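Participant: Structure for the following, please:
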Amino acid sequence: MFMESEERKEIFFTEPLLSELYVMNVGYEKCLPLHSFGPQIREYYVLHYVLRGKGTFRSRETTYHLQAGNFFLIAPNDVYAVYEADEQEPWEYMWIGFQGKRAAAVLNELGFHDQAQVGKLDERSEAEAYIHSLLTNHLVQRHSMLRVQGEFFRLLSYFHIDQPIRQNH
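Facilitator: Predicted structure coming up:
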C-alpha cells in the first residue's frame, strides 16, 4: 500500500524475502508546529531521522532536543516514547519500520541499547540519497523486494551511535 500527500508519505511492505531483518514500512512527514505522536505501542522497531527543523523525543523520563541530522529509535512494545515538533521550526522526518529475528542483534552491533536510542548522522548526504530512494514510489514499482531490502540494509548501516546526544531529565 502507498499513501502520499505533500506533507506525508508512507509505503508499506507486505512480503519480506528475508525473515532475519526486513523493512515493514517507510515514511516521511512534514509536521505542523507542536504536532506530537505517542505513546503508541508497536510490534516492530521504528527508526526516525530528522531531515529539517527541530523537535523533541521523550522516552521514560528523558527528553532529547533534536534537529536536522539527528535520529531516534523506538523499540517494540515501548510504552514511553513520545515525540513532538518544535513550535517555531517544526521538523520534517522520515522513518523506517522494521523487524526480524536478528533485528536486536543488528541494532546492538550499531550501538543501540535501552540508554542509547538517539544519535547524530555523520554522513548525511549519502544516507539522505538512500532515504530518497526508499521513499520514491518508483523504487517499489520498478524493483523487487530484494532491491528494497538491499537499500534498507545499506541505509541502516549509516545509523550507529558513537556519542550520545545531550539530554534533559
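
Participant: Tell me where the model's unsure across this structure.
Facilitator: For the chain, the stretches flagged by pLDDT under 70 are 1-6, 9-11, 14-16, 137-144, 163-169.

Participant: gap between S36 and N108?
Facilitator: According to CB to CB, to the nearest Å, S36 and N108 sit 29 Å apart. Placement of C-beta: from N, CA and C, glycine included.

Participant: Also G69?
Facilitator: According to CB to CB, G69 and N108 sit 23 Å apart.

Participant: The two - which one has more neighbours?
Facilitator: For G69 and N108, the more surrounded residue by other CB atoms under 10 Å is G69, and the numbers stand at 16 against 12.

Participant: Does that one touch G119 like I think?
Facilitator: No: using CB atoms under 8 Å, G69 is not in contact with G119; the gap is 9.5 Å.

Participant: what helix or strand does the closest residue to E128 other than its chain neighbours sit in?
Facilitator: Distances taken as CB to CB, 6 or more residues apart in numbering place L51 nearest to E128, at 7.2 Å, with adjacent residues excluded. L51 is part of strand 45-52 when elements are defined by DSSP states H and E.

Participant: Can you name the residues bridging to E92?
Facilitator: K30, R52 (DSSP bridges).

Participant: need the strands for the chain, in chain order.
Facilitator: Along the chain, the segments classed as strands by DSSP state E run 2-4, 8-12, 22-30, 36-37, 45-52, 54-59, 62-67, 70-74, 82-85, 92-99, 118-120.
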